[in-house]
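J.: missing the sequence, but the structure's below:
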């Protein structure tokens, strides 16, 4: 079960990374609107880390799972902070394919993705 969870999560991370790489300007704009520092650097670093995490998930889900969970917990914390701020910004979580205002659905999606990371780790 863990291997399948790892591959599914790796696919999600690959999709997110490729979407961000395809629109670096949009990714940088989204990162900037979220108030994160160094948006230009993060716009290239974030999809690179997502790709590396997906490779690790595919090679060794027990090692890639914690990496994915750590990334997703950081993303989820950022999403929750945006929602609780009362003025959530747009997030290009999946590049320009998903550039929309952050909502509680994003929190739910991330909780489900975190559970896949946990499953990948436990196998």
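T.: Yep, that arrived. For clarity, every value in this text was computed on a predicted model and none was experimentally measured.

J.: Beyond the helix or strand harbouring residue 80, next helix or strand please.
T.: Using DSSP states H and E, the element containing residue 80 is helix 61-84. The C-terminal neighbour of helix 61-84 among helices and strands, as given by DSSP H and E, is strand 90-91.

J.: now the spatially closest residue to residue 63 that is not a sequence neighbour: how far from residue 85?
T.: Once flanking residues are discounted, residue 63 sits nearest to residue 56: 5.7 Å by Cβ to Cβ, 6 or more residues apart in numbering. Any C-beta I mention is one placed from the backbone N, CA and C, and that applies to glycine too. Distance, residue 56 to residue 85, using Cβ to Cβ, to the nearest Å: 32 Å.

J.: again, but for residue 3
T.: Distance, residue 3 to residue 85, using Cβ to Cβ: 38 Å.

J.: These two - which one has more neighbours?
T.: Legend: neighbour count by other Cβ atoms under 10 Å for residue 3 and residue 85, higher for residue 3 (15 against 11).

J.: Quickly find the element holding that one.
T.: Secondary structure assignment for residue 3, by DSSP H and E: helix 2-22.

J.: chain center to that helix, what's the gap?
T.: Relative to its parent chain, helix 2-22 has a centroid offset of 9 Å by Cα atoms, centre = their mean, to the nearest Å.
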